[in-house]
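> dropping the sequence and predicted coords here.
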Amino acid sequence: MVAPFADDPIGVPATDIRAGVEARPPAATAPAPGEFPRPEDFGSPGQGLSPAAPPSTETGGVAGFGVPSAPAPTSLDSPGIGAPGSIPLDEPVADASEAASDAPDLGPPSEPWGISDSPVVGPPPGVAVDVAGTPAPAERGIAADPATVAMAALVSLPKASTLVFDRSLRYTVAAGRAPGHHGLKPDELEGQQAEVVLGPDWWEIYGPLYRAALDGESRSLEIWSNDGTRCYLIEVGPLRNGDEEVAGGVAVFRDVTRRKRVDEARYEAEERFELLFEQSPIGIALLSLEGRWVRVNPTLVEITGHTSETLGASSVQELTYPDDRSNDADELRALIAGDLSEYKIEKRLFHARGHVINVVFWVSVVRDRSGKPQNLIAQVQDITERKLMEQRVRALAEHDPLTGLCNRRLFEHELGMQVDRERRGTLGGRRSGEGSALVIVDLDNFRRVNESSGHRTGDELLKGIANALQERLRGTDLIARLDGDEFGVLLRGTPMHAAEAVARGLAGVVADCGLETSGRQVSCTASIGVAAIGPDTEDHESVRVAAEQAMYQEKLDKRRAYEGEEPVGTELRTEELD
C-alpha cells in the first residue's frame, strides 16, 4: 500500500497555488488556463463559497464553489467578485469608487497588519490583493476581499492541506501546505479524480469519508504513515451552496504527530499512575488543601479499616489522634507556600475498630500550570508493628529483664535530666526550693540467700522486693535496679526531710518481704542512703556518690552496733514453719 503522504513536504514553505502569488507581493494577474483559480473567484462575502456564476465544464468549473469557467476579471465591474459592503453579485456595480466607498476603513498604512477599529482581519504581509482599486499589501497591509483573506488563510495553514472536491469527487481547489499525493504537487491536483489520485488501497479508506460528505455528514479519521513516524488527522465535511444544498465537500489533512505523541505520553503517564495508585503496597490518598480525603486506594482502606466512602466523608484531622493533629501545621503551610517540595511526618490514627495505629505520611502538593496549589498527595505507610518492635527493643535496652524495672543506663539518664532541671530551676510547676532526692537501697548480705536457698529463690525474692518498692512509691517517682542487690529511687519534687521519711518506709517494705522455701521463711533487710538534689548539685555523678556514701555509712553503723555478734541487718532470718 502506498501512503498518500509518501513525499511529504510538510514544514517546507509552499508556493501559493494562485497565479502570480508566491511568497512576495507581485502584481495581480489573472490565472492562466489550467492554473488554480484565484481567491477573488470564490464569490462574495455574503455567499461564502456559493457559486458566483454557472460553471463551464470546459475549464473545470465546479457548481457550488464559485469557481468560474473563465479567468475572473480584475475590476469591480464584473459579477463574481465581492468586496466588503458590496452590492449583491446579481446586480452589476456601476462605479468602482462607489463600491470602494462602502468598504470598511482598514486604518492608516503605518499600522501593522492594517489593524484599526474595523473588525476585518486579513492575511500576513506579502499576500497580494488582485482587486481593482485596492492597494497592494505594501500600501495598505491587508486585503479587503474576504475571499482573498480566506484563501490566504488556507494557504498559510501550518502542516495542513485543504482539498475541495465537487459532487463528482473531482478535486477543484488545493490550498495550504499540502502533502503530495503520489508525488503530485498541489497545483497538479486540480481536475483530478480523488479515487485516481489516492489509488484503490487508500480510496478504500478515504472513500467512505468523501461519500459521507456528499450525503451531508462530517467524518474524521486518524491514520499513521506506513513507517509509523507521522500521524495525520483527516476531516471531511460537506460544502453547501446558497440554497443549503450539498455542492461538494472539503477534506482537511493535518499533521498531528506532535499532538498525538503528547496525548500518548499523557495517556501512558495516566495509566502508570492508575496502576501505581491501585496496586501500591502503601496507602495513597488525594487530599484537598483543607485535608479532606478526595480519593484513596485499596491499601489505605486496609490500613485504616474505613471504607472509601467513610473516608471520603471525613478528613485526616478527624481520624488523627488529638495530640498529633497539629504536629505538621508548619510544614503544611511551607509546602503550600512553595517553601518545601515535600515533607514526612509520623501520626497516630484511629482505626475503624477503635484502636490506635501508627503511620508515617509523605506529603507533596499538586499544582496547576500557573503554579497554584490544587491538591495534596499523601503516601501513608502503616508502621504500627515497627513501633511495637522499637518499644520492645527499647524495653530490653533500658529495663531489667528480671524485675522489669529501669536499668542503670536509663536511671542515670533520667537522674542527669532531673539534676539539670533543678539547676535551671525548671521544676514543672513545683514550688521553688522544694528540690528532689536520690535514694539508694542496698540489700544486706543478700549473697547468703543465694548460697543457702539457691539463685532461683534469690531471684524470686528480688522480684517480690522490686514490686513492693514500686507499689510504695508515687507515679512520678522512678525506681531502677542498679546492680544485683541494689536499687535506686528518684524522688522528684521531694525535699530532704520528706525523702528521709520515704527511705525509712522503704526499709520497712524490704523487711516485710519474704518467701516460703523448704519449710522456711526467707527475708532480708536493707541499708539506705539519701542525697538531696538542688540548684547547687554539680552533676548526677556527685549526687549518686553522696547517696552511696550515706548508704555505706549506715551499713558500717550496723556492724559497729553489733560488734562481736552477727549484725541484725545482715543475718539470714529463718523460722521453722508449723
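In hand now; what should we look at?
> okay, CA-based contacts and neighbour counts for the rest of this
Noted.
> residue contacts, T384?
I357, N358, V359 (CA atoms under 8 Å, 6 or more residues apart in numbering).
> outline the domain layout of the protein.
39-255, 280-387, 402-570 (automatic domain parsing).
> quick one on the thing from earlier: let me have the contacts of T384 in a markdown table, extended by pLDDT, neighbour count and distance to S225.
Listed next are the contacts of T384 as a markdown table, based on pLDDT from 0 to 100; neighbours: other CA atoms under 10 Å; distance: CA to CA, whole Å:
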| residue | pLDDT | neighbour count | distance to S225 |
| --- | --- | --- | --- |
| I357 | 95 | 19 | 57 |
| N358 | 96 | 21 | 56 |
| V359 | 96 | 21 | 53 |
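> ok, so of those, who is nearest D339?
Distance to D339, by CA to CA, is smallest for V359 among the contacts of T384, at 24.3 Å.
> got phi/psi on that closest one?
Backbone torsions of V359, given as degrees, to the nearest 10, read phi -130, psi 160.
> and if you look at Q192?
phi -80, psi 140.
> for the one 10 residues further on, same thing?
Note on W202: backbone dihedrals following degrees, to the nearest 10 are phi -70, psi -30.
> show the model's pLDDT score for it.
What the model reports for W202 is a pLDDT of 85.
> tally up the residues packed near it, please.
By other CA atoms under 10 Å, the residues close to W202 number 15.
> likewise for A337?
When neighbours are defined as other CA under 10 Å, A337 has 13 of them.
> ok, T517 next?
11.
> quick one: it and D215, what's the gap?
Distance, T517 to D215, using CA to CA, to the nearest Å: 111 Å.
> swap in L189?
In terms of CA to CA, L189 sits 23 Å off from D215.
> repeat for T310
Distance from T310 to D215, by CA to CA: 54 Å.
> rewinding a little: how about the domains of the chain in JSON lines, adding distance to E264?
Converted to JSON lines, the domains of the chain look like this (distance: least, CA to CA, whole Å):
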{"stretch": "domain 39-255", "distance to E264": "12"}
{"stretch": "domain 280-387", "distance to E264": "19"}
{"stretch": "domain 402-570", "distance to E264": "61"}
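> out of these, deepest packed?
Highest mean neighbour count among these (mean count of other CA atoms under 10 Å): domain 39-255, with a mean of 19.
> can you show me the strands along the stretch 351-500 of the chain?
Using DSSP state E, counting those that start in this stretch, the strands of the stretch 351-500 of the chain run over 356-367, 373-382, 436-443, 478-483, 486-491.
> just the CA trace of the fourth one, in PDB.
Presented in PDB, the C-alpha positions along strand 478-483 are these (Å, rounded to 0.1, in the frame of the first residue of the first chain):
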ATOM      1  CA  LEU A 478      11.400   6.400  89.300                       C
ATOM      2  CA  ILE A 479      12.800   3.200  90.600                       C
ATOM      3  CA  ALA A 480      15.600   1.100  89.000                       C
ATOM      4  CA  ARG A 481      17.700  -2.000  89.600                       C
ATOM      5  CA  LEU A 482      21.200  -0.700  89.600                       C
ATOM      6  CA  ASP A 483      23.100  -3.800  90.500                       C
END
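> next, the angle strand 436-443 makes with that strand.
Relative orientation of strand 478-483 with respect to strand 436-443: 40 degrees, computed using axes from the mean of the first three to the mean of the last three CA atoms, to 10 degrees.
> from the contact counts, what lies against strand 478-483?
Using 3 or more CA pairs under 8 Å, 6 or more residues apart in numbering; DSSP states H and E, the elements in contact with strand 478-483 are helix 408-424, strand 486-491.
> and the first one, by the same measure?
With contacts defined as 3+ CA pairs under 8 Å, 6+ apart, the packing partners of strand 356-367 are helix 329-337, strand 342-350, strand 373-382, helix 384-398.
> a markdown table for the ones you listed, including distance to R423 and mean pLDDT?
Output for the helices and strands packed on strand 356-367, formatted as a markdown table (distance: least, CA to CA, whole Å; pLDDT from 0 to 100):
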| stretch | distance to R423 | mean pLDDT |
| --- | --- | --- |
| helix 329-337 | 33 | 94 |
| strand 342-350 | 33 | 95 |
| strand 373-382 | 42 | 95 |
| helix 384-398 | 25 | 86 |
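> on that earlier part again, how about the strands of the stretch 351-500 of the chain, which one is nearest P535?
strand 436-443 (10.1 Å).
> mind listing residues that contact that closest one?
Against strand 436-443 from outside (CA under 8 Å, 6+ apart): 422, 485-496, 499, 503, 524-534, 543-544, 547-548, 551.
> I'd like the helices and strands packed on strand 478-483 written out as CSV, with mean pLDDT and distance to E245 added.
Listed next are those as CSV, based on pLDDT from 0 to 100; distance: least, CA to CA, whole Å:
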stretch, mean pLDDT, distance to E245
helix 408-424, 89, 96
strand 486-491, 92, 103
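> could the ones you listed go into JSON lines alongside distance to D263?
Converted to JSON lines, the helices and strands packed on strand 478-483 look like this (distance: least, CA to CA, whole Å):
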{"stretch": "helix 408-424", "distance to D263": "62"}
{"stretch": "strand 486-491", "distance to D263": "70"}
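> can you say which of these is nearest to Y210?
Closest among those, using CA to CA: helix 408-424, at 88.0 Å.
> what packs against that closest one?
Helix 408-424 packs on helix 384-398, strand 478-483, helix 540-561, going by 3+ CA pairs under 8 Å, 6+ apart.
> now distance to S452 too, for these, in TSV please.
Listed next are these as TSV, based on distance: least, CA to CA, whole Å:
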stretch	distance to S452
helix 384-398	30
strand 478-483	20
helix 540-561	22
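> and of the ones you listed, who's closest to S341?
helix 384-398 (26.5 Å).
> I234: what's it in contact with?
S220, L221, E222, I223, A251, V252, F253, R254.
> so which of those is the closest to R272?
For these, the nearest to R272 is E222 (24.7 Å; CA to CA).
> please name the nearest non-neighbouring residue to the closest one.
Of all residues not flanking E222 in the chain, L233 sits nearest, at 4.5 Å (CA to CA, 6 or more residues apart in numbering).
> distance check, that neighbour against W224.
Counting by CA to CA, the gap from L233 to W224 is 9 Å.
> V510 now?
93 Å.
> could I get the full set of helices for the protein?
In the chain, the helices defined using DSSP state H lie at 96-101, 146-156, 194-214, 257-279, 298-304, 308-312, 316-319, 329-337, 384-398, 408-424, 447-453, 455-472, 496-512, 540-561.
> include distance to R240 when you put these into TSV, please.
Listed next are the helices of the chain as TSV, based on distance: least, CA to CA, whole Å:
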stretch	distance to R240
helix 96-101	27
helix 146-156	16
helix 194-214	10
helix 257-279	31
helix 298-304	56
helix 308-312	53
helix 316-319	60
helix 329-337	55
helix 384-398	72
helix 408-424	93
helix 447-453	114
helix 455-472	100
helix 496-512	108
helix 540-561	100
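> verify the stated contact: E500 with V530.
Yes. Counting by CA atoms under 8 Å, E500 touches V530, with 6.7 Å between them.
> list the contacts for D539?
G416, V419, D420.
> name the nearest residue to the last one, ignoring sequence neighbours.
Once flanking residues are discounted, D420 sits nearest to D539: 7.8 Å by CA to CA, 6+ apart.
> and the closest residue to D368 other than its chain neighbours, how far from Q553?
In space, D368 comes closest to Q374 once its chain neighbours are excluded; the distance is 6.6 Å by CA to CA, 6+ apart. Q374 sits 73 Å away from Q553 when distances are taken as CA to CA.
> now L438
Using CA to CA, L438 is found at 16 Å from Q553.
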